[in-house]
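Peer 1: my questions are about this predicted structure, shown below with the sequence.
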Amino acid sequence: MAPPQVQSEIERLRRELREHDRRYYVEDAPVISDTEYDRLLRRLKDLEARHPEAVTPDSPTQRVGGSAAADFSSVRHAAAMLSLDNVYGEDELREWHARLLKNLPPGEPPLFIIEPKIDGLSCALTYERGMLARAATRGDGETGEDVTGNARTIRSIPLRLTGPVPERLEIRGEIYISFADFAKVNADEAAAGREPFVNPRNCAAGSLRQKDPAVTAQRRLRFLAHSFGVWTGDAAVASESQFLAACAALGLQAVEHAAARSLDEVVRFYREFKEQRLPRLAYAVDGIVVKVDAYSQQSRLGFTAKSPRWAVAFKYPAQQASTVVERVEFSVGRTGVITPVAKVKPVFCAGVTISSVTLHNFAEIARLGLKVGDHVLIERAGEVIPKVVKAAAELRQGHERDVAPPRNCPACGSAVVKVEDAVAYRCVSPSCPAQLKRLLLHFASRPALDMQGLGEAAVDQLVESGRIRDVAGLYELRKEDLLKLELFADKRAENLLAQIQESRQKPLERLIFGLGIRQVGEKTAETLAQLYDLEGLASAELAALTRVPDVGPIVAASLCDFFHAPGTKKLIARLKAAGLNFQRSERKAAGAKLAGKTFVFTGELESMPREEAEEKVKALGGKASGSVSAKTAFVVAGAKAGSKLRQAAELGVPVLSEAEFLKLIQ
Ligand code: IVH
């Protein structure tokens with residue numbers, strides 16, 4: 001035990017630090033500077049270092065847990081984490097409202113609570129007797145990932161709750177990063193030669209899934225509570241508004257909220273929020289969430305298979321901004337296709353500064369009638385990359401110029417070829433450095449061979465120094481080679497070499513995908529890897545490939561072109577010599593639950609659109625068909641099912657209700 005006066009100083013410091021966390025994160029009203037806070041924290045660290053027996057897991061010093069590194073094992077949620085249905089306009093909102101009223105007794109008009117829809121990632125925090133025991137991501141809603149070690153570093157997540165707490169409480173909310181912190185992270189990433197994150201949401205997700213909690217700690221993620229999953233004993237709250245109010249007493253910051261008595265009030269809030277709050281918010285919000293306040297009414301309304309009936313997300317449309325096209329550049333993709341990119345005067349839109357907008361292809365430029373120098377309206381929605389919506393011909397002053405496709409490849413200077421329908425132009429030079437760079441980045445990308453140390457800057461240096469001429473060259477790199485490049489110091493070189501080493505064992509589908517064969521995406525690569533080893537695939541006949549499920553004549557031809565191209569044979573031999581995994585992949589056992597079974601859907605399903613049900617069947621290895629035959633395994637009948645039911649009866653095909661179907665695919 002530390003001497004009593006030391007122990008009491010330790011406890012006083014902890015109390016003070018927790019109180020400052022609360023003022024900062026819950027009340028948004030800090031009373032001391034960051035430097036002062038750090039001084040208190042350092043003093044506590046010193047004392048704990050001298051008296052290790054006094055350290056407790058909930059001490060503010062224990063946010064970056066010593067050995068508790070994130071392992072991301074999977075966690076089954078005690079109650080499923082559902083998502084919200086989206087509506088995009090007032091009409092759709094009114095339809096939702098009408099359905100709601102139908103399911104509530106007349107004379108009990110609901111009170112609504114409105115909250116911003118935070119564009120972060122959802123997280124469930126389990127507190128046992130008030131102590132943070134586990135943090136889990138949403139995952140697929142049933143099972144998420146254990147991110148406790150990293151979540152502990154987020155200062156707005158209390159390590160212990162305050163006030164009277166139930167035995168177990170599972171708080172749900174969003175983890176996000178502010179625009180300002182997002183910009184800082186991206187500046188650091190760029191300085192370190194890594195790819196910047198495309199938006200704050202990806203940045204928050206990437207930061208939460210760091211192997212090293214110390215990295216997460218630097219990213220300044222934040223948490224806002226919006227609901228709970230488990231509350232043992234009698235929940236002390238009977239409505240959403242009571243829950244949100246209770247958060248402060250527990251030491252949690254909850255999402256901001258407002259109440260509305262009618263749908264008109266909801267719509268008014270939606271508009272006012274968009275005009276007055278949204279432009280000033282420090283973090284990304286992509287809509288409002290409208291919830292029925294009283295839990296008694298919520299439970300009467302219940303859930304569909306994937307979302308509650310008592311809540312809805314009323315999304316904001318993509319945000320737009322006006323700017324000017326300064327020039328059009330041409331970027332060369334990994335297959336040589338040349339993409340025109342508009343370089344625009346930097347403009348702030350939906351949370352990020354945009355200076356570059358893809359124009360996709362020359363048909364798009366023609367469709368927009370775009371000229372260099374034009375005023376343009378650009379649009380950006382959440383995840384989506386920005387696009388030009390309109391070129392303002394009426395604002396032209398006469399100096400604007402047409403965009404002509406390049407005659408020569410901007411990277412290697414060789415002549416550009418017009419492809420079939422003249423939408424695309426390609427550089428067909430086999431030694432074009434721009435294509436090689438793109439190919440290496442693709443080869444090293446996460447779904448392919450996953451070498452995170454091989455970012456844009458590293459690829460530039462490796463290609464420009466002539467060190468690497470194709471993907472096999474990666475496996476011939478030695479540490480000395482890397483150290484000669486400006487970017488690589490000791491540690492960084494070792495990291496990359498370790499990732500290259502690991503990539504040798506990756507399953508074949510990733511290698512096939514990584515080779516960057518035109519038309520071959522992840523899904524096709526997976527199918528092929530289950531049927532062939534790499535050498536078998538390289539020598540497969542066109543006719544045989546055409547018979548592979550999901551591989552049509554175009555994909556088959558592209559595979560043959562690739563494997564018969566001069567140089568490919570040698571490349572494959574070098575990859576083999578480098579020890580990459582060429583072996584056929586096992587068929588995945590999971591997912592085969594409905595293998596060989598054909599489903600036919602008829603009528604309207606209540607829980608999901610028909611396309612989604614068909615996707616689910618396919619994901620489990622089954623097939624979906626539009627017509628009933630003797631080979632049909634099941635007909636699934638929704639409301640207003642029609643003639644297919646009769647056909648099923650005639651052919652003796654079993655008919656499932658929607659509930660039976662849901663049970664089957666569970
Ligand atoms: S309530 C049954 N409130 O949006 C779902 N969710 O598609 C209850 N989200 O995964 C969630 N802001 O993580 C709720 N104020 C808010 C929210 C919010 C963002 C996320 C949530 C969920 C997704 C819904």
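Peer 2: Looks like it came in fine. Since the structure is predicted, the reported quantities are computational estimates derived from the model, not experimental observations.
Peer 1: where does the stretch 301-450 of the chain get nearest to the ligand, which residue?
Peer 2: The stretch 301-450 of the chain approaches the ligand most closely through P308 (4.8 Å), counting by CB to the nearest ligand atom. In this view, the C-beta of every residue, glycine as well, is placed from N, C-alpha and C.
Peer 1: counting neighbours, what do you get for that residue?
Peer 2: Neighbour count of P308, defined by other CB atoms under 10 Å: 18.
Peer 1: helix, strand or coil for the residue lying closest to it once chain neighbours are set aside?
Peer 2: Of all residues not flanking P308 in the chain, L82 sits nearest, at 6.3 Å (CB to CB, 6 or more residues apart in numbering). For L82, the secondary-structure state derived from DSSP: H, G, I helix; E, B strand; the rest coil is coil.
Peer 1: so L82 sits right up against S307, yeah?
Peer 2: Yes - assessed by CB atoms under 8 Å, L82 is found in contact with S307 at 5.2 Å.
Peer 1: if we can go back for a sec, OK, contacts around the residue nearest to P308?
Peer 2: Applying CB atoms under 8 Å, 6 or more residues apart in numbering, one finds that L82 lies in contact with 141, 303, 306-308.
Peer 1: swap in S429?
Peer 2: 336, 409, 412, 414, 435 are the contacts of S429 under CB under 8 Å, 6+ apart.
Peer 1: isn't the last one up against I338?
Peer 2: Looking back up the chat, that one is Q435. No - with contacts counted by CB under 8 Å, Q435 stays clear of I338, the gap being 10.4 Å.
Peer 1: common neighbours of the two, please.
Peer 2: 332, 427.
Peer 1: so what does the residue in the chain that the ligand sits nearest to look like in phi/psi?
Peer 2: The minimum distance from the chain to the ligand, using CB to the nearest ligand atom, falls at S122 (2.9 Å). Note on S122: its backbone torsions stand at phi -80, psi 150 [degrees, to the nearest 10].
Peer 1: who's in contact with it?
Peer 2: 81, 137-138, 172-175.
Peer 1: so which of those wins on neighbours?
Peer 2: The residue in the contacts of S122 with the most neighbours, by other CB under 10 Å, is I175 (27 neighbours).
Peer 1: helix, strand, or coil at that residue?
Peer 2: On the three-state scheme (three-state DSSP), I175 is labelled strand.
Peer 1: for it, give the beta-bridge partners.
Peer 2: Beta-bridge partners recorded for I175 (DSSP bridges): L121, F223.
Peer 1: distance of it from I118?
Peer 2: With distances taken as CB to CB, to the nearest Å, I175 is found 9 Å from I118.
Peer 1: over to P433?
Peer 2: 42 Å.
Peer 1: tell me which of these two has more neighbours.
Peer 2: For P433 versus I118, neighbours defined as other CB under 10 Å are more numerous around I118 (23 against 18).
Peer 1: can you count the residues close to the closest residue to E456 other than its chain neighbours?
Peer 2: Distance criterion CB to CB, 6+ apart; nearest residue to E456, sequence neighbours excluded, is E195 at 6.0 Å. For E195, the neighbour count with other CB under 10 Å is 14.
Peer 1: so where's this protein shaky on pLDDT?
Peer 2: Regions of the chain meeting the criterion pLDDT under 70 cover residues 65-71, 350-351, 381-384, 420-422, 587-592.
Peer 1: cutoff 50 now
Peer 2: Applying pLDDT under 50 to the chain flags the ranges 66-70.
Peer 1: remind me, longest strand of it?
Peer 2: strand 319-332 (DSSP state E).
Peer 1: what lines up beside that strand in the sheet?
Peer 2: In the sheet, strand 319-332 lines up with strand 338-349 (antiparallel), strand 375-380 (antiparallel) (DSSP bridges).
Peer 1: if we can go back for a sec, mind checking which of the contacts of L82 are buried?
Peer 2: 307-308 (16 or more other CB atoms under 10 Å).
Peer 1: before we move on, back to that, for the residue nearest to P308, give me phi and psi.
Peer 2: Residue torsions, per degrees, to the nearest 10, at L82 are phi -80, psi 170.
Peer 1: swap in L93?
Peer 2: Dihedral angles for L93 - degrees, to the nearest 10 - are phi -70, psi -40.
Peer 1: so what's it up against?
Peer 2: L93 touches 87, 263, 266-267, 290, 312, 314, counting by CB under 8 Å, 6+ apart.
Peer 1: next: R194.
Peer 2: For R194, counting by CB under 8 Å, 6+ apart, the contacting residues are 452, 455, 457.
Peer 1: and for the residue nearest to E142 when sequence neighbours are not counted, the neighbour number?
Peer 2: Sequence neighbours aside, A80 is the residue nearest to E142 in space, at 5.7 Å (criterion: CB to CB, 6+ apart). Burial of A80 is recorded as 16 neighbouring residues (other CB under 10 Å).
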